[in-house]
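> give me a model of this one.
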Amino acid sequence: MPGWSAAGPFVASLYHLFYELPGLGMKVEELPGGVSWRAKVDAIPKAVRHLRLHEGHLLRVDDRDRALVTGESVAALSWTGRASELRERFTQYEAQGATEIFYEPTVSHQTSTG
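Numbers count the residues shown, from 1 in each chain. Got it, this is the predicted structure:
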């Protein structure tokens, strides 16, 4: 998927966020694939769960999170697209009262050994 290495770590981190802080208004189970993902995370021993959940946070997508990064989840959870599409989204949010946009650049730091 184009842009996977840039959008993937961010999308995965949203699952981590909503898992750790369900009071933010969205439950991880409401995200695409969230129910099965949560079952995998809940299976991690509690004593190390937090550390394993955030391993590589915003830097890479691990095997547990890889299935979460799809065209559907990237479109739903990130601001990716053509400039004209993003401009339209900004305009819609501004019309609803938004005055700021938070930007979190991410990039994968996975390297190839080949």
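
> tell me what whichever helix in the chain runs longest is packed against?
Ranked by residue count under DSSP state H, the longest helix found in the chain is helix 4-20. If contacts are counted by 3 or more CB pairs under 8 Å, 6 or more residues apart in numbering; DSSP states H and E, helix 4-20 sits against helix 34-42, helix 46-53, helix 63-66, helix 71-77. In this view, the C-beta of every residue, glycine as well, is placed from N, C-alpha and C.

> if we go to 7 Å?
helix 34-42, helix 71-77 (3 or more CB pairs under 7 Å, 6 or more residues apart in numbering; DSSP states H and E).

> which parts of the following helix or strand past the shortest one are buried?
Moving toward the C-terminus from helix 71-77, the first helix or strand encountered (DSSP states H and E) is helix 83-95. By 16 or more other CB atoms under 10 Å, helix 83-95 has no buried positions at all.
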